[in-house]
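**Q** based on what follows, work out the 3D shape:
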Amino acid sequence: MKKLAVVLLSGGLDSTLAARILQLQGFEVIGLTVRLPFHRCESAALQAACELQIPLAMREVGEDYMEVLRYPRHGYGKGANPCLDCRTYMLRMARQLMEELDGMLVATGEVLGQRPMSQKRPHLGITAHESGLQDRLLRPLSAKCLPPTWPEREGYVDREKLYAFTGRSRKPLWALAKQLGLKDIPESGPGCSLTDVQFAPKVFDLLDHDPRASLWDCELLTLGRHLRLDDRTKLVIGRNETQNLRLRRLFARGLRQDCALVTPINFVGPDAILVGDVSESQWEKAVQIILRYVRRELPPLVEVEICTRGEVFRRQFPRPVPKNSTSPDQAL
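**A** Residues are numbered from 1 along each chain as shown. Presented below is the predicted three-dimensional model:
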């Protein structure tokens with residue numbers, strides 16, 4: 001067994017500190033960042049890994065993550081965030097990497113009491129147990145407030161050089177970062193969209209209406225305006241050119257057969273993805289909604305390209321009659 005530690009690295013202050021503390025105790029440290037559909041921290045994690053001069057492994061969750069999202073054993077937070085179940089899932093991935101590398105422990109930047117949904121004392125015990133790591137999971141920033149782990153008991157980690165931080169104050173952590181010689185570290189890693197109470201309805205709408213929802217659908221949730229046309233069908237409209245491009249790329253690599261990409265031909269407007277019932281009967285309804293987000297003059301007949309799986313169609317539709325209301329259909 002090597003004196004090697006896998007650290008879940010988000011790029012935020014806490015996880016970067018955890019990695020530095022283990023470096024100073026003579027560990028070879030490998031950072032691990034997990035790509036989630038709703039939480040992108042690769043860029044921040046890479047910056048932190050460069051600061052620490054450590055290798056960084058990047059891994060993506062599998063389709064089994066949908067079970068975590070749909071049926072969280074420990075429930076949701078205020079949004080659609082299954083924090084304990086999600087944390088356990090990522091720790092299992094870290095344990096797998098630790099075993100592949102014949103490492104000694106997994107470490108995180110968790111601080112006792114910092115997050116109400118996942119960092120209370122019972123929560124830390126739950127994730128350690130359910131991930132299978134047990135006492136090979138070390139939280140260097142709060143270790144002195146918790147029972148000694150196996151590496152501490154065996155003398156591989158000097159417990160006296162660990163810390164007893166608790167609560168939500170950031171000032172002591174920043175002071176420690178300065179003391180340990182860290183620079184240019186963000187206050188925290190990028191936030192998870194699932195904790196956003198305004199984003200949560202999109203997630204629950206997907207789970208309620210689509211039992212076959214996949215990670216592709218979850219990534220789609222992070223883009224555009226979402227409008228439900230009926231129980232089977234949803235329209236996702238790009239908000240700007242960047243999102244239009246991402247919608248086109250997402251459509252190109254999607255595996256769902258029941259989706260279509262709608263692209264303007266003779267007018268400037270948003271791209272959109274139609275998911276569910278992509279029959280011709282839905283096309284005009286979708287186009288009429290898309291046109292409500294166009295702020296430029298439209299030709300008498302608007303032309304769009306509709307790409308389904310394996311077929312491409314061009315269709316013309318009459319310009320809609322202006323309505324008194326300026327608000328399009330209510331988005332999710």
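**Q** just list what the helix of greatest length in the chain packs against, helices and strands only.
**A** Criterion DSSP state H: the longest helix present in the chain is helix 83-100. Using 3 or more C-beta pairs under 8 Å, 6 or more residues apart in numbering; DSSP states H and E, the elements in contact with helix 83-100 are strand 4-8, strand 28-35, strand 56-60, helix 65-70, strand 105-107, helix 121-130. Yep, even glycine has a C-beta here, placed from its N, CA and C like the rest.
**Q** can you add distance to R139, mean pLDDT and mean neighbour count and give the ones you listed back as CSV?
**A** Shown next, in CSV, are the helices and strands packed on helix 83-100 (distance: least, C-beta to C-beta, whole Å; pLDDT from 0 to 100; neighbours: other C-beta atoms under 10 Å):
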stretch, distance to R139, mean pLDDT, mean neighbour count
strand 4-8, 11, 98, 26
strand 28-35, 15, 97, 21
strand 56-60, 20, 96, 15
helix 65-70, 22, 96, 18
strand 105-107, 7, 98, 27
helix 121-130, 7, 96, 17
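**Q** these: which one's closest to Q257?
**A** Nearest to Q257 among the helices and strands packed on helix 83-100 is helix 65-70 (18.1 Å), distances taken as C-beta to C-beta.
**Q** list of residues touching that closest one?
**A** 36-37, 80, 82, 85-86, 89, 203, 207, 213-215, 218 (C-beta atoms under 8 Å, 6 or more residues apart in numbering).
**Q** again, only using 10 Å
**A** Helix 65-70 has contacts (C-beta atoms under 10 Å, 6 or more residues apart in numbering) with 34, 36-38, 61, 73, 76, 80-82, 84-86, 88-90, 194, 203, 206-207, 211-215, 217-218.
**Q** for the protein, give me the ranges with low pLDDT.
**A** Where the chain drops to pLDDT under 70, the residues are 186-190, 321-330.
**Q** what segments of it are helices?
**A** Using DSSP H, helices in the chain cover 13-23, 42-52, 65-70, 83-100, 121-130, 150-153, 171-179, 200-209, 215-221, 241-253, 280-291.
**Q** point out the most buried one among these.
**A** Mean neighbour count (mean count of other C-beta atoms under 10 Å) peaks for helix 13-23 among the helices of the chain, with a mean of 25.
**Q** so how far is that one from its chain's centroid?
**A** 22 Å (C-alpha atoms, centre = their mean, to the nearest Å).
**Q** distance check, T149 against R139.
**A** 9 Å (C-beta to C-beta, to the nearest Å).
**Q** what is in contact with these two at once?
**A** A107, A128, L162.
**Q** ok, so of these, who is nearest Q282?
**A** A128 (48.8 Å).
**Q** doesn't W150 make contact with the closest one?
**A** No: counting by C-beta atoms under 10 Å, A128 sits too far from W150 to count as a contact (11.3 Å).
**Q** now the common contact residues for these two.
**A** By C-beta under 10 Å, 6+ apart, the residues touching both A128 and W150 are Q134, D135, R136, L137, L138.
**Q** buried ones among those residues?
**A** D135, R136, L137, L138 (16 or more other C-beta atoms under 10 Å).
**Q** any idea what the last one is bridged to?
**A** In this case it means L138. Beta bridges link L138 to A107 when assigned by DSSP bridges.
**Q** just checking, it touches M104?
**A** Yes: when contacts are counted by C-beta under 10 Å, L138 is listed as touching M104 (9.5 Å).
**Q** so for the two, which residues contact both of them?
**A** With C-beta under 10 Å, 6+ apart, L138 and M104 have common neighbours A5, L22, W150, P151, Y156, V157.
**Q** so what's the third one closest to, chain neighbours aside?
**A** Distance criterion C-beta to C-beta, 6 or more residues apart in numbering; nearest residue to W150, sequence neighbours excluded, is D135 at 4.6 Å.
**Q** wait, the one you found touches L124, no?
**A** No: the pair D135 / L124 is not scored as a contact, 11.7 Å apart, by C-beta under 10 Å.
**Q** mutual contacts of the two, please.
**A** Shared contacts of D135 and L124, counting by C-beta under 10 Å, 6+ apart, come down to L146.
**Q** and the end-to-end length of stretch 100-116?
**A** 32 Å (C-alpha to C-alpha, to the nearest Å).
**Q** distance of L69 from Q114?
**A** Taking C-beta to C-beta, one finds L69 at 23 Å from Q114.
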